[in-house]
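Visitor: Sequence and predicted model, in that order:
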Amino acid sequence: MRRRDFLITPSAAGLTAATAGWSLWSRPAGATAPATTAHDRRKLVVVMLRGAVDGLSVVAPHAESAYYESREAIALARPGQGEGALLPLDSRFGLHPALGRLMPLWERGQMGFVHASGSPDPTRSHFDAQDYMESGTPGRKSTPDGWMNRLLAQLPGPAAPTRALNMGTTPPRILAGSASVASLGVGPRALEAKAIDSPEMQSALGRLYGREDAMGMGRTFQETTEGRGEIQRRMAASGERSPRDARDMDNGRSRDPSADAGAPTARGFAGDALRLGRLIQADPQTQLAFTAVGGWDTHVNQGGARGQLANRLNSLGEGLEALVQGLGEGMRDTVIVVMSEFGRTVRQNGAGGTDHGRGNVMWLIGGPVAGGQVLGEWPGLERSALVDGRDLAVTTDFRAVLTPILRAHLGLGDAALAQVFPGYGGAAMRGALRT
């Protein structure tokens, strides 16, 4: 049964309503679990910044005169040049000051960046670019599943109800597919009791969706309740509660739903990220997790050290710090990848913002990361180096960044990698992980 069929089948409506934000997308019947390996404790968390964050502001090339010539109103001052200046990373790049709370990760060698990275497909459509990065097959729309779902099917070790976890209100493209994925809603009420927790409701649904029903609803229901129950047990054991402070209650949406694909903005991210980190830490079965943050389509009034983008980066930094805090000792075995569908134009537009571009910056955070460095081939911002005379070039395919993580960190072999990223024949980037 396809996940799409489950969502639209009338008989599934009662089950969907009962779970109310909790679900488990089922794997095919008869799937077998491979043998346990030493990689089972290692984890990967992917954070998608929907809307195309301005990587040239996140990690700004302060050594480039063209950066300042192109961004008179929104360029960030060179390190050491007063309040609101860039935080020094190396002789070429600086970190946006709104992300200052993350500098200890850089200094400890647990955070690094890959600049001028992204998808090789030239689209500047949010929808298409996100689809390509989530399917893992740039330029090919016919791919039916997402690369994280294919990764889940290839991971060494036994399957489990909560081995992959999505935190969000809608199933993301990156996790679409036949392998089971547990889903946790966002906001402070995500862990509160739902109707499905009632023994009476579970008994009634169990009778309604019998194990042998023709539509396969019984298997879906069983896996849903197993995944939800496992999450609740792990969080109860860790002492997790649903915080209700003002920051958590503010989970506003971006003004551009086409760019954000339903993802909440960064303003409520910290509370959700803390819960996600604690859940991953509490559940040794969870190896993969995904969440998305919207609000990065800054065409108008982007701002520099202060303003719209700075405010959102501050909230994002707070959320990533909370995720690290929630992971606790689990950070030693976790890689966090932060990516966005494409970058933004080098030159600011007439509205004080930036438009859809090409190259961007990927973030790598975690204990296995060889941090404290900005990786990737930097093409420069001279006009002759720009794509179409306006955009930072993509010199590192996003799959080249992910491949060594899947191989060295999660234990995939070449055949498994070929299943996760079919048709990708590029080299893997070196130097991103500790050896």
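Guide: Happy to help now that I have it. Numbers count the residues shown, from 1 in each chain.
Visitor: Below-threshold pLDDT in the stretch 251-400 of the chain: ranges please.
Guide: Along the stretch 251-400 of the chain, the model assigns pLDDT under 70 to residues 251-258.
Visitor: same thing but 90
Guide: Along the stretch 251-400 of the chain, segments meeting pLDDT under 90 span 251-258, 260-262.
Visitor: hey, where'd the helices end up in it?
Guide: Listed in chain order, the helices of the stretch 251-400 of the chain (DSSP state H, counting those that start in this stretch) span 257-260, 269-282, 308-327, 398-404.
Visitor: looking at those helices, which is buried most?
Guide: Per-stretch averages of neighbours, counted by mean count of other CB atoms under 10 Å, single out helix 269-282 among the helices of the stretch 251-400 of the chain, with a mean of 24. Quick note: C-beta positions are derived from backbone N, CA and C, even for glycine.
Visitor: and the angle for that helix with helix 308-327?
Guide: With axes from the mean of the first three to the mean of the last three CA atoms, to 10 degrees defining the directions, helix 269-282 sits at 20 degrees from helix 308-327.
Visitor: Can you give me the pLDDT of the nearest residue to Ala77 once chain neighbours are set aside?
Guide: Spatial nearest neighbour of Ala77, excluding adjacent residues (CB to CB, 6 or more residues apart in numbering): Ala85 at 4.1 Å. Ala85 is assigned 98 on the pLDDT scale.
Visitor: In terms of helices and strands, where is Ala85?
Guide: For Ala85, there is no helix or strand it lies in under DSSP states H and E.
Visitor: Can you give me every residue that contacts it?
Guide: When the contact criterion is CB atoms under 8 Å, 6 or more residues apart in numbering, the partners of Ala85 are Leu76, Ala77, Arg78, Pro79, Gly94, Pro97, Ala305.
Visitor: burial count for the fifth one?
Guide: Burial measure for Gly94: 23 neighbouring residues, criterion other CB atoms under 10 Å.
Visitor: Next: the third one.
Guide: When neighbours are defined as other CB under 10 Å, Arg78 has 16 of them.
Visitor: Just confirm it contacts Gly84, I think it does.
Guide: No - the pair Arg78 / Gly84 is not scored as a contact, 11.2 Å apart, by CB atoms under 8 Å.
Visitor: residues touching the residue nearest the centre of the chain, list them.
Guide: The centroid of the chain falls nearest to Val47 when counting by CA atoms, centre = their mean (1.8 Å). Listed by CB under 8 Å, 6+ apart, the contact partners of Val47 are Phe290, Thr291, Ala292, Val293, Leu320, Leu323, Ile336, Val337, Val338, Met339.
Visitor: Pull up the gap between the fourth one and Leu313, please.
Guide: The gap separating Val293 from Leu313 is 11 Å, by CB to CB, to the nearest Å.
Visitor: And the third one, by the same measure?
Guide: Counting by CB to CB, the separation of Ala292 from Leu313 is 16 Å.
Visitor: next one: the fifth one
Guide: With distances taken as CB to CB, Leu320 is found 10 Å from Leu313.
Visitor: can you give me the strands for the stretch 1-150 of the chain?
Guide: 23-25, 43-49, 59-60, 87-88, 94-95, 111-118 (DSSP state E, counting those that start in this stretch).
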